[in-house]
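Colleague: Sequence first, predicted model second:
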Amino acid sequence: MILPEDRYRFSGTRPKRRRPLVITLIIITVCAALAAVLFFVVIPGVENSSVQNREEVQSIETLWTNQHYEAINLRCEEILSEDPMNQKALIYNGFSYFYRGTSQYSLEEKIPLFDSSLINLRRALLVCNDDILGKVKYIIGKCYFQKGKFYSDLAVKYLEESISAGYTGEDTFEYLGLLNSRLGRYIESVNYYLKAVEINATDMLYLVLAQTYYQLEDRVKSEEYLNLTLNMTTDFSVEQKARYLLGNILIENEEYEKAENEYIKILEKNEKAADAHYYLGDIYDKMGDSVKARYQWRKCLEIDSYHYGAKLKLYG
């Protein structure tokens, strides 16, 4: 019996020839490689750009928390090279340059960092939101303060604008008091110092208030704040400055014994205080005791051989 030819066929077509196993493996490998490229390169480039930006911002905020200011500047400069008006990058960059500048020792190192801070923060003013505007102007004002007395007017301008924008730092009024004093605006200076005292009264604030009132020739107020300074301070350098100024006021008021007592208190803690000996000599001279006066001026020159005032009194 002859069986039909198609009895064991599963289709009506002729069977295909098999590919060699090596070729099959090569095709599988190439396909896998292409899939990997698509997954790890092409797709993230298309749909993960916003995720990448979020991760960059988060990492900058983490660096900020840890005070890694130089790393923040490097990261922000990368972002700004592609997006020059990126608000967060400009602000973080400017703030970081500022704090790096304050940590330097020499003016030559400080100034370039403050200049970089100002470039970023003044550009940020063009795009920043109202909720951060005041703080940006505050740091700009402090930058100008750090750059020196010739920028005092700009420092005042931006610190006052920061207050108007709703931000007041803990030291804003102290800076404004000092800056206005630099500019010879002593009434404005006193007003700002008084506001600073309302927030946090310190021995240094009382001392600068006394010095400013002295510049305004208000000896009564000056003496009042010098006594407040002496009652509060535990810092001898502050005490010494207060006693020198108080002694001068008492000499001007012809209260010589009280003035003498101030300089003696200085010498009790600092026997090398040349100026205290000089002013004691001045007191004794005004009291008519030239022997004691010349003794004090000689003591002054023993401590400071270049003291101009003592030389003038003895040899002038």
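Modeller: Perfect, I can see it now. Numbers count the residues shown, from 1 in each chain.

Colleague: which stretches of the protein aren't confidently modelled?
Modeller: Counting by pLDDT under 70, the chain shows low-confidence ranges at 1-58.

Colleague: and it, what are its domains?
Modeller: When the chain is parsed with automatic domain parsing, its domains come out as 57-128, 147-200, 202-270, 280-316.

Colleague: any idea where the helices of the stretch 51-200 of the chain begin and end?
Modeller: Along the stretch 51-200 of the chain, counting by DSSP state H, counting those that start in this stretch, helices occupy 69-82, 87-102, 107-124, 130-146, 152-164, 172-182, 186-199.

Colleague: okay if I get these as a markdown table plus mean neighbour count and distance to Asp235?
Modeller: Where you see a C-beta, it was placed from the backbone N, CA and C, and this is true even at glycine. Formatted as a markdown table, the helices of the stretch 51-200 of the chain follow (neighbours: other CB atoms under 10 Å; distance: least, CB to CB, whole Å):
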| stretch | mean neighbour count | distance to Asp235 |
| --- | --- | --- |
| helix 69-82 | 16 | 30 |
| helix 87-102 | 22 | 22 |
| helix 107-124 | 18 | 26 |
| helix 130-146 | 20 | 23 |
| helix 152-164 | 19 | 27 |
| helix 172-182 | 22 | 17 |
| helix 186-199 | 18 | 17 |
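
Colleague: Kindly reformat these as JSON lines containing distance to Tyr295.
Modeller: Output for the helices of the stretch 51-200 of the chain, formatted as JSON lines (distance: least, CB to CB, whole Å):
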{"stretch": "helix 69-82", "distance to Tyr295": "56"}
{"stretch": "helix 87-102", "distance to Tyr295": "47"}
{"stretch": "helix 107-124", "distance to Tyr295": "43"}
{"stretch": "helix 130-146", "distance to Tyr295": "45"}
{"stretch": "helix 152-164", "distance to Tyr295": "44"}
{"stretch": "helix 172-182", "distance to Tyr295": "37"}
{"stretch": "helix 186-199", "distance to Tyr295": "38"}
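
Colleague: about what we covered before: nearest to Tyr138, of the domains of the chain?
Modeller: Closest approach to Tyr138 among the domains of the chain (CB to CB): domain 147-200, 4.0 Å.

Colleague: Look at that closest one and report the distance between its end residues.
Modeller: Distance across domain 147-200, first residue to last, is 26 Å (CA to CA, to the nearest Å).

Colleague: about what we covered before: with distance to Lys135 added, can I get the domains of the chain in TSV?
Modeller: Shown next, in TSV, are the domains of the chain (distance: least, CB to CB, whole Å):
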stretch	distance to Lys135
domain 57-128	8
domain 147-200	5
domain 202-270	23
domain 280-316	46
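
Colleague: quick one, which of those domains is nearest to Gly134?
Modeller: Among these, domain 147-200 comes nearest to Gly134, with 2.7 Å by CB to CB.

Colleague: Distance from the chain centre to that closest one, please.
Modeller: Taking CA atoms, centre = their mean, to the nearest Å, one finds domain 147-200 lying 15 Å from the centre of the chain it belongs to.

Colleague: next one: stretch 257-277
Modeller: Using CA atoms, centre = their mean, the mean C-alpha position of stretch 257-277 is found 36 Å from that of the whole chain.
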